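S.K.: Sequence and predicted structure, then a few things I'm wondering about:
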Amino acid sequence: MTDTSSSPPAVSARPVAPQQLAWLRAELAGWTSEGIISEEQAARIASRYRSEHHARTGVGRVLLYLGAGFVGVGLIWLVAANLDQLSPLTRFATVAVLWLAFLVGGEALAARHASPPLVGAARLLAALGAGAVLFQAAQSLQVPAYEPRLVGLWSAGTLLHGYLTRSHMPFFVGLVTGVVWWFWQPVWDGADGLTVVLLLGAGAVLAASLAVLHDGRIDSFAWAWRTVGAGMALLALFAAAIPDIGADGIVWTTWLVVALVLAGLALLASLLTRPGVRALEPLGAVAVLVVATLIALWTTGTDTSQVDAADWAHAAVSVVAYVVLAVGLVALGTVRDNPALTWMAMAGLVVFTTFQSFAVFAPIVTGAWLFVVLGTVFLATGFLFDRARRQLAHALDDGSPAGTGAEGADR
């Protein structure tokens, strides 16, 4: 009888990109030649991975997700069209049965380890179908279907689905609808410019805190929350820099208070459960909220034909704050290995600088000289960006205390 007690358990090969597999094999060959590992160990490591060409699977994934999206949106559209040929109860039952079929079918496919794109498409249908069920139920109960609270319920349900199943498609739908509800619900009660600034800043605090809470637990969700938080922070300072956006002062509403309380609770949870270096991220979002509010409350007048010292000071403070935020997001994107933050920061800085330049310089500098000024500003900020990014990447590669601390915080 053969003794197989020492045989390693069979491990299914993990699909990786061809470039990654080629790099791994080159490294294994180098380690083997240096005597770090044996040829048998190298073969065992290489057997754990297989090449997967993503071109075909990528096309299939896109088609599946597009098809699921069209079907889901079509269901909601049918609800909006009222389906007058059917009674309210029949309409609701039809939509609910379709939603349950998508929900159960997606989880059944996941349990059978079906193709991930196919499972994702089914779960996307279920997430969109949940919205159709809510809107149809509202119509059946004679509740206005255009109220933001329905979007809030839709977001809560799909986020719950995403977290329970650790699936990206329901989480994505819940995240998008949640962002829509975050702004729509408070503005529904009373719309003013400062409310938007406060909501953007509070949203940045909430998303940054949730990103820190997800780090090391559900990293893909942390990446999404961090990206949303960065976008809201950039938009908060951009909106705050618009002249006299907060001239009417703060108009407090119930939902605005609720939004600020939710952001505060998330901040407190992140500081208590994830102390140390990680706390800098949500605290930075709090700084953005405070600075954006103060800039928005700083009124200088809206007459662009006359730019006085107060207008120059307002623009200068806004630009400095925005540059500091952009550099901070570049650093965060480098530390967290999130290139989206770097690109968002650079794009936001270009748009913001252009807006401020035309608002401040245009009444003074016209024609070709305006483009010379703008080009000079872009060259200077681009140089500073690239220099900061290179120095930070070099520090992280050398294992400096800053880099070690940031990376150690993720483990």
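M.R.: Okay, I see it.

S.K.: Low-confidence ranges, this protein, go.
M.R.: 1-13, 16-17, 51-88, 142-146, 189-191, 246-249, 300-308, 311, 356-411 (pLDDT under 70).

S.K.: S38 and R44 touch, don't they?
M.R.: No: using C-beta atoms under 8 Å, S38 is not in contact with R44; the gap is 9.4 Å. Backbone N, C-alpha and C define where each C-beta goes, glycine included.

S.K.: Give the burial count for V320, as a bare number.
M.R.: By other C-beta atoms under 10 Å, the residues close to V320 number 11.

S.K.: any idea how far it lies from A202?
M.R.: Applying C-beta to C-beta, to the nearest Å, the value for V320 to A202 is 23 Å.

S.K.: ok, A240 - contacts?
M.R.: 197, 246, 291-293, 295-296, 318 (C-beta atoms under 8 Å, 6 or more residues apart in numbering).

S.K.: Turn the residues you listed into JSON lines, columns for distance to W255, secondary structure and neighbour count.
M.R.: What follows is these, written out as JSON lines (distance: C-beta to C-beta, whole Å; DSSP: H, G, I helix; E, B strand; the rest coil; neighbours: other C-beta atoms under 10 Å):
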{"residue": "V197", "distance to W255": "15", "secondary structure": "helix", "neighbour count": "27"}
{"residue": "G246", "distance to W255": "19", "secondary structure": "coil", "neighbour count": "24"}
{"residue": "V291", "distance to W255": "23", "secondary structure": "helix", "neighbour count": "21"}
{"residue": "A292", "distance to W255": "19", "secondary structure": "helix", "neighbour count": "29"}
{"residue": "T293", "distance to W255": "18", "secondary structure": "helix", "neighbour count": "19"}
{"residue": "I295", "distance to W255": "23", "secondary structure": "helix", "neighbour count": "22"}
{"residue": "A296", "distance to W255": "19", "secondary structure": "helix", "neighbour count": "26"}
{"residue": "S318", "distance to W255": "28", "secondary structure": "helix", "neighbour count": "25"}
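
S.K.: Export the residues you listed as CSV, with columns for distance to L153.
M.R.: Listed next are these as CSV, based on distance: C-beta to C-beta, whole Å:
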residue, distance to L153
V197, 27
G246, 31
V291, 34
A292, 29
T293, 30
I295, 35
A296, 31
S318, 38
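
S.K.: just curious, which of those residues is nearest to A230?
M.R.: Nearest to A230 among the contacts of A240 is A292, at 14.0 Å by C-beta to C-beta.

S.K.: so who does the closest one touch?
M.R.: Contacts of A292 (C-beta under 8 Å, 6+ apart): 197, 200-201, 236-237, 239-240.

S.K.: what number of residues lie near V228?
M.R.: So V228, with other C-beta under 10 Å, has 22 neighbours.

S.K.: Quick check: phi and psi on it?
M.R.: Main-chain torsions, V228, degrees, to the nearest 10: phi -60, psi -40.

S.K.: So it sits against A207, correct?
M.R.: Yes: counting by C-beta under 8 Å, A207 is a contact partner of V228 at 4.5 Å.

S.K.: show me what contacts G178?
M.R.: 152, 155-156, 159.

S.K.: Quick check: buried residues in the one helix or strand A26 maps to?
M.R.: Element membership for A26 (DSSP states H and E) is helix 18-33. Residues of helix 18-33 classed as buried: 21, 24, 28, 32 (neighbour count, 16 or more other C-beta atoms under 10 Å).

S.K.: Look up how far V180 lies from the nearest residue to the last one once chain neighbours are set aside.
M.R.: Just to be clear, that refers to T32. Spatial nearest neighbour of T32, chain neighbours left out: A42 (4.9 Å); criterion: C-beta to C-beta, 6 or more residues apart in numbering. According to C-beta to C-beta, A42 stands 51 Å off from V180.

S.K.: Alpha carbons only: can I get stretch 346-359 in PDB?
M.R.: The C-alpha coordinates for stretch 346-359 follow below in PDB (Å, rounded to 0.1, in the frame of the first residue of the first chain):
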ATOM      1  CA  MET A 346      -4.700  65.400 -11.000                       C
ATOM      2  CA  ALA A 347      -7.800  65.700 -13.100                       C
ATOM      3  CA  GLY A 348      -9.600  67.600 -10.300                       C
ATOM      4  CA  LEU A 349      -6.700  70.000  -9.900                       C
ATOM      5  CA  VAL A 350      -6.600  70.800 -13.600                       C
ATOM      6  CA  VAL A 351     -10.300  71.500 -13.700                       C
ATOM      7  CA  PHE A 352     -10.200  73.500 -10.500                       C
ATOM      8  CA  THR A 353      -7.200  75.500 -11.500                       C
ATOM      9  CA  THR A 354      -8.800  76.300 -14.900                       C
ATOM     10  CA  PHE A 355     -12.000  77.400 -13.100                       C
ATOM     11  CA  GLN A 356     -10.200  79.600 -10.700                       C
ATOM     12  CA  SER A 357      -8.000  81.100 -13.400                       C
ATOM     13  CA  PHE A 358     -10.900  82.100 -15.500                       C
ATOM     14  CA  ALA A 359     -12.700  83.500 -12.500                       C
END
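
S.K.: tell me the SS of I245?
M.R.: coil (DSSP: H, G, I helix; E, B strand; the rest coil).

S.K.: Grab the nearest non-local neighbour of it.
M.R.: Using C-beta to C-beta, 6+ apart, the closest residue to I245 is G193 (3.7 Å).

S.K.: so the one you found sits right up against I250, yeah?
M.R.: No: G193 is beyond contact range of I250, at 10.5 Å (criterion: C-beta under 8 Å).

S.K.: Could you check how far V228 is from A204?
M.R.: From V228 to A204 the distance is 8 Å (C-beta to C-beta).

S.K.: and what of G264?
M.R.: Relative to A204, and taking C-beta to C-beta, G264 is found at 13 Å.

S.K.: likewise V290?
M.R.: Relative to A204, and taking C-beta to C-beta, V290 is found at 11 Å.

S.K.: Between these two, which has more neighbouring residues?
M.R.: A204 (30 against 11).

S.K.: Kindly state the domain boundaries assigned to this protein.
M.R.: Domain ranges of the chain: 14-49, 60-189, per automatic domain parsing.
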